[in-house]
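# no sequence on this one, just coordinates:
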């Protein structure tokens with residue numbers, strides 16, 4: 001393992017608590033080291049560190065259930081912006097993040113809309129799912 005990878009490994013170990021690394025921290029580590037998020041996800045897996053607190057609310061909130069819940073009211077403009085990213089009732093994590101940014105809503109808010117519309121979120125950027 002080269003020094004650069006050793007530095008990232010040490011950062012992942014330092015920022016994980018109880019063998020868990022929150023999604024937001026994994027993305028921070030990736031950005032700080034100019035790496036794609038999946039690199040940090042794979043490294044966490046190799047280190048037997050579980051990813052938690054998905055920013056879309058899909059995993060890692062035990063003992064509580066996942067916080068993503070179907071949105072009650074969906075603005076038609078927001079609906080249309082999300083739908084343009086959807087293929088076969090699926091949207092990638094990355095595309096949903098883009099849609100949320102475009103709509104100026106939270107990532108969790110965008111996930112709640114997908115939940116209400118029965119759109120499955122796929123292809124985690126950290127490769128957790």
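Ah, there it is. Worth saying up front: this structure is predicted, and the values here are computed from it rather than measured. Numbers count the residues shown, from 1 in each chain.
# hmm, who's touching the longest helix anywhere in the chain?
Looking across the chain with DSSP state H, the single longest helix is helix 3-15. Helix 3-15 is contacted from outside by 1, 21, 25-26, 28-29, 32-33, 35, 39-40, 43-44, 47, 49, using CB atoms under 8 Å, 6 or more residues apart in numbering. (Each C-beta comes from the backbone N, C-alpha and C, glycine too.)
# What is the very next helix or strand once past it packed up against?
For helix 3-15, the following helix or strand on the C-terminal side (DSSP states H and E) is strand 20-22. When contacts are defined as 3 or more CB pairs under 8 Å, 6 or more residues apart in numbering; DSSP states H and E, strand 20-22 sits against strand 50-52.
# Do you have the strands of this structure handy? List them.
Secondary structure of the chain by DSSP state E: the strands cover 20-22, 50-52, 90-92, 120-122.
# and this protein, what are its domains?
3-52, 76-122 (automatic domain parsing).
# Could you dump the strands of the chain into JSON lines and include distance to residue 78?
JSON lines is the format used below for the strands of the chain (distance: least, CB to CB, whole Å):
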{"stretch": "strand 20-22", "distance to residue 78": "26"}
{"stretch": "strand 50-52", "distance to residue 78": "28"}
{"stretch": "strand 90-92", "distance to residue 78": "13"}
{"stretch": "strand 120-122", "distance to residue 78": "16"}
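# is it true that residue 96 touches residue 112?
No. When contacts are counted by CB atoms under 8 Å, residue 96 is not listed as touching residue 112 (10.9 Å).
# Give me the more crowded residue out of those two.
residue 96 (24 against 21; other CB atoms under 10 Å).
# any low-confidence regions in the protein?
For the chain, residues meeting the criterion pLDDT under 70 lie at 1-4.
# quick one on the thing from earlier: list only buried entries from the contacts of helix 3-15.
21, 25-26, 29, 39-40, 43-44, 49 (16 or more other CB atoms under 10 Å).
# What about those, which are in helices?
25-26, 29, 39-40, 43-44.
# And those, which two are furthest apart?
Using CB to CB, the two most remote members of these are 25 and 39, lying 14.2 Å apart.
# Residue 66: how many residues sit nearby?
By other CB under 10 Å, 15 other residues sit near residue 66.
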